[in-house]
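> below is the structure, and that's it, no one-letter string:
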């Protein structure tokens with residue numbers, strides 16, 4: 001899903017367990033009577049809304065991780081439909097005020113995309129526990 005972005009077909013094909021989150025299910029508007037395209041669009045919208053709620057400073061404290069996720073997923077307007085390489089390059093250009101980080105470095109350097117995705121997983125786990133009225137397995 002990361003490669004193709006948050007398009008309806010990508011979310012339908014690769015969304016997997018993310019689409020089973022209560023956080024996502026609570027945002028769905030489609031009904032059983034809607035056709036497949038409408039349901040896929042609804043899942044993409046609901047997942048995007050959920051990810052936007054996760055990628056905030058209260059949930060993901062490091063600015064660079066939020067910036068990477070906003071461009072790579074993409075949550076930043078104007079980047080849906082762009083290639084993953086273009087989105088990583090945009091993240092690298094917008095990561096700091098002083099220098100550009102190469103797309104390949106964003107992808108492979110542990111401190112960049114890998115840690116940003118780990119932070120997103122942590123934030124979603126905490127949010128899902130809250131949505132279910134449970135104690136977060138991360139915070140104990």
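Arrived safely. Because the structure is a prediction, the values reported are computed rather than measured. Residues are numbered from 1 along each chain as shown.
> how far off centre is stretch 33-40?
22 Å (C-alpha atoms, centre = their mean, to the nearest Å).
> tell me the buried residues in it?
For stretch 33-40, burial by neighbour count (16 or more other C-beta atoms under 10 Å) applies to 39, 40. For glycine as for every other residue, the C-beta is placed from the backbone atoms N, C-alpha and C.
> so what touches it?
8, 9, 11, 12, 30, 42 (C-beta atoms under 8 Å, 6 or more residues apart in numbering).
> this protein: helices as residue ranges?
8-14, 22-25, 36-54, 63-72, 84-93, 103-108, 113-131 (DSSP state H).
> most tightly packed of these?
Across the helices of the chain, the average number of neighbours (mean count of other C-beta atoms under 10 Å) peaks for helix 63-72, which reaches a mean of 22.
> and the average pLDDT for that one is what?
Per-residue pLDDT over helix 63-72 has a mean of 96.
> fine by me, thanks again.
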